[in-house]
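**Student:** My questions concern the predicted model and sequence given below.
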Number of protein chains: 2
Amino acid sequence: MKPQRHTSAPAATDSCRGALARVSCRSCALNTLCLPARLPPQEARVLESVVERGRQLCAGASLIRAGTRMDALYVLRSGSAKRYAFTMNGAERVHGFVLPGETVGLEGFASDRYACEVAALEPTSYCRIPLNRLEPLLEQLPGLRREVLRLLGEALDESLRLRAELGMCDARGRVARFLADLSRRLELRGLSPTQFRLSMSRGDIARHLGLTLETVSRALGTFKRSGWVEVRARYITLLRPEALASMGGYAAS
Amino acid sequence: MKPQRHTSAPAATDSCRGALARVSCRSCALNTLCLPARLPPQEARVLESVVERGRQLCAGASLIRAGTRMDALYVLRSGSAKRYAFTMNGAERVHGFVLPGETVGLEGFASDRYACEVAALEPTSYCRIPLNRLEPLLEQLPGLRREVLRLLGEALDESLRLRAELGMCDARGRVARFLADLSRRLELRGLSPTQFRLSMSRGDIARHLGLTLETVSRALGTFKRSGWVEVRARYITLLRPEALASMGGYAAS
DNA sequence: CATGGCTTTTGACCCGTGTCAAGTGCCAGT
DNA sequence: ACTGGCACTTGACACGGGTCAAAAGCCATG
């Protein structure tokens, strides 16, 4: 068993940055969102013992290289990242953006190799769950087994839903939906749902939504002129979130 | 234990239709494609003991109702089906088409409820793997555990790739890709890759590719005029599959 | 064989978005 | 402060594909 070192103040505060000790999910700010949150406490404790803390990544650095052997799952602790891949004609395609508490690397189960590149969009830290430590736990812990299946199912469901809904609305609807979705996810993390910084470029957003960066820019321009948002470079303020939500087809399902 | 009745001739021939006995994956025509194919033989034998044979569905009948509690995985034995769902504005969205040997119901892991409706497009038969029998096996059989993860990963990967590639090519490219993909999957099942019947309507294809049925029809018309395909109602002959494949961005990856 | 209903094809038109190009703003380095 | 580079905005234009409408095929039924 590895030595366990505690920060004297066990405050579960707004950031994990300071802590240099080994992972303690219970004292992590993300404990209500992250993978262990849905596990029975004793299973969470076992899982905790195999989680490794990754070092900080600078903006642009890759957390996962597409095509490399899958050897771990990763969970973001802070910062943000984009998941992307290239089509055979060399065009970059952005599959999505990753926020703290979200798991990446799941598509690797398909072929034992990661299918997406995952790169930090700003200084970003993460946790790592090595597969060779995870697999034995899947045998012993039924809750963890169900949770991994749930995560995969959720990723699949989200991907299907995204394709369906983006395919049905026009450019402005897609951008509206993107903002509404981001807003919701930020709120879940205790951040302001109406005022935030976009860590990704217009081009990244465009390549995610299947548009061009000019069209994204124009959509934002329209929202600005309608008084729905305020845009200053990458800083966004949502003035009429309901308008965006309804335009993006974000009705109460 | 249920009674086991064997057909006297154990021929692994081209169809499972005749057999009325309980499931015997080893003698099934799909045994090289289906879920057990990638399992170690002894695990496959255990899995076989929990698989139930479903009765034949007629065209239009639902195999899975969206929103109902997830209680099983399903594998198609013969026929074909479409997976679809409705967006909140009531528009139908086709997530994909299912061929024999393919597994459906995986998205249910997200929330314990099926997210897609799955309906037969022609007379169709299937196998059923109840979850309450599958779960204990996941604890005991490491190969099965990996295989279920692989299936989910594959579904996820395919969904991502589909979204990426469809988003980047024009209407004709999408239809070409659709035909090339179908052709490949039919060939895997030992059927002709160049001559087949489309069990789905133009509208279904359109709702799957994010187009309108008129555009799908026009794309087929173009291919016909170029001499790439022959179209007679729902019967299709691919005359220049390579042309379609390259247009759909189906290069050797 | 005729009928009616459904699916598919074809045509005409127009809007939205991609494309190309120029212009603006922001930041870092010299 | 100047400069070069990059991200973003804005404008003009063309075209692909959505929309509406009508005609043609296909298949059932009586």
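**Tutor:** Everything's here; your move.

**Student:** what about residue A:218, neighbour count?
**Tutor:** 15 (other CB atoms under 10 Å in any protein chain shown). All C-beta atoms are positioned from the backbone trio N, CA, C, and that covers glycine.

**Student:** So which residues of chain A form strands?
**Tutor:** A:52-53, A:62-64, A:72-78, A:81-86, A:92-98, A:103-104, A:117-120, A:125-130, A:195-197, A:229-232, A:235-238 (DSSP state E).

**Student:** Pull out the buried residues from the fourth one.
**Tutor:** What it means is strand A:81-86. By neighbour count on 16 or more other CB atoms under 10 Å in any protein chain shown, the buried set for strand A:81-86 is A:81, A:82, A:83, A:84, A:85.

**Student:** Tell me the bridge partners for the third one.
**Tutor:** For residue A:83, the residues forming beta bridges with it (DSSP bridges) are residue A:96, residue A:118.

**Student:** mind listing what it touches?
**Tutor:** Residue A:83 sits next to A:94, A:95, A:96, A:97, A:98, A:104, A:116, A:117, A:118 when contact means CB atoms under 8 Å, 6 or more residues apart in numbering or on different chains.

**Student:** from the residues you listed, which is closest to residue A:53?
**Tutor:** Within the contacts of residue A:83, proximity to residue A:53 (CB to CB) peaks at residue A:104, which comes in at 15.8 Å.

**Student:** That closest one: how many residues sit nearby?
**Tutor:** Around residue A:104 there are 21 residues (other CB under 10 Å).

**Student:** backbone phi and psi for the closest residue to DNA strand C within the stretch 51-200 of chain A, please?
**Tutor:** Proximity to DNA strand C, evaluated over the stretch 51-200 of chain A using CB to the nearest atom of the strand, is greatest for residue A:170 at 2.8 Å. For residue A:170, the backbone dihedrals are phi -80, psi -180 (criterion: degrees, to the nearest 10).

**Student:** that older thread, can you say which of the strands of chain A is nearest to residue B:71?
**Tutor:** strand A:103-104 (25.9 Å).

**Student:** That closest one pairs with which strands, and in what direction?
**Tutor:** By DSSP bridges, strand A:103-104 pairs with strand A:72-78 (antiparallel).

**Student:** Residue numbers of the stretch 51-200 of chain A in contact with DNA strand C?
**Tutor:** A:170, A:171, A:172 (CB under 7 Å from any atom of the strand).

**Student:** Contacts only, for the second one.
**Tutor:** Shown here is residue A:171, whose contacts under the criterion CB under 8 Å, 6+ apart are A:209, A:211, A:215, A:216, A:218, A:219.

**Student:** Once you drop chain neighbours, what's closest to it?
**Tutor:** residue A:215 (4.8 Å; CB to CB, 6 or more residues apart in numbering or on different chains).

**Student:** Then the last one?
**Tutor:** In space, not counting the residues next to it along the chain, residue A:172 is nearest to residue A:219; the distance is 4.6 Å by CB to CB, 6+ apart.

**Student:** What residues does that neighbour make contact with?
**Tutor:** A:171, A:172, A:174, A:175, A:176.

**Student:** out of the residues you listed, who's nearest chain B?
**Tutor:** Set against chain B, the nearest of the contacts of residue A:219 by CB to the nearest CB is residue A:174 (10.9 Å).

**Student:** where's the closest one relative to residue A:191, distance?
**Tutor:** To residue A:191, residue A:174 is 23 Å away according to CB to CB, to the nearest Å.
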